[in-house]
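[1] Kindly return the folded structure for what I paste below:
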Amino acid sequence: MNGILIIDKPVDFTSFDVVAVVRKALHEKKTGHTGTLDPMATGVLPVLLGSATKAVNYLPDTDKEYICSFKFGLSTDTLDITGKILNECPSDIKISDIEKILPKFRGDIMQIPPMYSAVSKNGVRLYELARKGIEIEREARPVTVSKLELLEFDETSQTGSLKIACSKGTYIRVICDDIGKALNDLCTMTALRRVKACGFDESQAISIEKVRELGAEGITSYIKPVESLFTHLSEIHITEKQAFRFSNGGSLSLSRLHGITDISNGTLYRMYNERDFLGLGCVNAETGELEFEKKF
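    Okay, here's the model as predicted:
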């Protein structure tokens with residue numbers, strides 16, 4: 001069984017819990033997921049099946065989109081509502097205040113990872129230190145926030161929601177916390193839902209209950225082909241003779257291929273014969289060839 005199953009991860013499940021459910025229900029040993037969601041988060045979690053597990057290193061890291069809820073006047077040790085409350089204070093933030101500072105957090109920004117995170121420092125996970133009450137200095141890391149919109153805000157309850165599209169490694173709860181700091185206030189994330197990931201959105205996702213109900217025999221129509229992970233790449237169609245060479249690991253001359261638009265070194269292309277997706281090819285600008293990269 002090869003392909004991608006888009007799961008709507010429920011709250012209080014880890015991403016590994018979801019993979020375990022899918023593996024058991026579908027009797028598929030080779031399974032993996034494309035991006036960890038914290039237990040409190042819900043939403044789109046693409047689960048890779050069979051040969052699709054080989055695609056994980058080729059996925060784009062800038063198309064994840066979230067909707068998060070937040071509340072001013074509150075801070076916790078985890079920066080979200082699941083943590084221990086550290087401080088509470090009265091807040092009087094206005095919609096105009098939020099809109100004014102949001103541009104500061106768009107584009108390429110630097111972000112300090114939270115203590116309650118899986119980031120390693122000297123071989124130790126930060127969350128392991130945090131659980132012992134230890135806080136250490138962390139280096140800021142570059143992330144990209146391509147979209148940051150205020151969806152709603154209630155000035156009475158001081159609660160609202162944001163839509164955020166960002167790169168891999170971006171912590172949404174840190175964005176909420178940093179917004180609070182920018183407004184000289186406290187701000188905590190109260191809910192998080194991923195609505196897009198790897199080119200898929202929540203309308204394509206099914207529940208783990210549905211997976212259990214359908215099992216291996218009934219799930220086929222919900223499985224996306226491996227090539228759907230690579231729609232961000234341009235496609236190249238080749239002859240059967242070229243396809244035979246390519247499928248056996250051979251390189252193809254760029255000058256003999258139609259549809260090549262970018263010959264920059266390392267550029268990836270989706271490769272097809274007349275009927276089927278063959279895998280990925282990679283430009284070698286020095287040799288003038290499209291080299292075999294990966295077969296799925």
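
[2] now the stretch 101-250 of the chain, which segments are flagged as low pLDDT?
    Per-residue confidence for the stretch 101-250 of the chain (pLDDT under 70) gives these ranges: 122.

[3] Mind doing that once more with 90?
    In the prediction, the stretch 101-250 of the chain carries residues with pLDDT under 90 at positions 112-140, 168-169, 198-199, 216-217, 231-232.

[4] Helices of that one, residue ranges please.
    Listed from the start of the chain, the stretch 101-250 of the chain has helices (DSSP state H, counting those that start in this stretch) covering 126-131, 172-182, 208-218, 240-247.

[5] Among those helices, which comes closest to Phe72?
    Comparing the helices of the stretch 101-250 of the chain against Phe72 with Cβ to Cβ, the closest turns out to be helix 172-182 (6.4 Å). Placement of C-beta: from N, CA and C, glycine included.

[6] for Leu257, what are its contacts?
    Taking Cβ atoms under 8 Å, 6 or more residues apart in numbering as the contact definition, Leu257 lies against Ile236, Ile238, Gln242, Leu290.

[7] One more pass at 10 Å, please.
    The neighbourhood of Leu257, defined by Cβ atoms under 10 Å, 6 or more residues apart in numbering, consists of Ile236, His237, Ile238, Thr239, Gln242, Tyr269, Met271, Gly281, Glu289, Leu290.

[8] Please check the residues you listed and keep the buried ones.
    Buried members of the contacts of Leu257, scored by 16 or more other Cβ atoms under 10 Å, are Ile236, Ile238, Gln242, Tyr269, Met271, Gly281, Glu289, Leu290.

[9] Let me know the closest of these to Pro142.
    Within the buried ones among the contacts of Leu257, distances to Pro142 taken as Cβ to Cβ reach their minimum at Tyr269, with 27.6 Å.

[10] what separates the longest strand along the chain from the chain centre, distance-wise?
    Here the longest strand in the chain is taken by residue count, with DSSP state E as the criterion, and it is strand 141-154. Relative to the chain's own centre, strand 141-154 is displaced by 15 Å; criterion: Cα atoms, centre = their mean, to the nearest Å.

[11] Show me what counts as buried in that strand.
    For strand 141-154, burial by neighbour count (16+ other Cβ under 10 Å) applies to Val143, Thr144, Val145, Leu148, Phe153.

[12] okay, the helices of the stretch 101-250 of the chain, which one's buried deepest?
    When the helices of the stretch 101-250 of the chain are scored by mean count of other Cβ atoms under 10 Å, the highest mean neighbour count falls to helix 172-182 (a mean of 21).

[13] and the angle for that one with strand 141-154?
    70 degrees (axes from the mean of the first three to the mean of the last three Cα atoms, to 10 degrees).

[14] Please identify which helix or strand holds Gly266.
    Following DSSP states H and E, one finds Gly266 outside all helices and strands.

[15] Name all residues that make contact with Thr239.
    With contact set as Cβ under 10 Å, 6+ apart, Thr239 has these partners: Arg245, Leu252, Arg256, Leu257, Asn273, Glu274.

[16] Roughly how far does His38 sit from Ile81?
    Not His; residue 38 is Asp. As for Asp38, its distance to Ile81 is 11 Å (criterion: Cβ to Cβ, to the nearest Å).

[17] before we move on, the earlier item: ok, of the buried ones among the contacts of Leu257, which one's closest to Lys94?
    Each of the buried ones among the contacts of Leu257 was scored against Lys94 by Cβ to Cβ, and Tyr269 proved nearest at 49.8 Å.

[18] does that closest one really touch Glu235, like I thought?
    Yes. In this structure, Tyr269 sits in contact with Glu235. The criterion is Cβ atoms under 10 Å, and the distance is 6.8 Å.

[19] Distance check, Ile260 against Gly249.
    For Ile260, the distance to Gly249 (Cβ to Cβ) stands at 20 Å.

[20] who has more neighbours, those two?
    Neighbours per residue (other Cβ atoms under 10 Å) separate Ile260 from Gly249, with Ile260 holding more: 16 against 9.

[21] so the more buried one touches Leu290, yeah?
    Yes. Proximity of Ile260 to Leu290 meets the contact threshold set by Cβ under 10 Å, at 7.5 Å.
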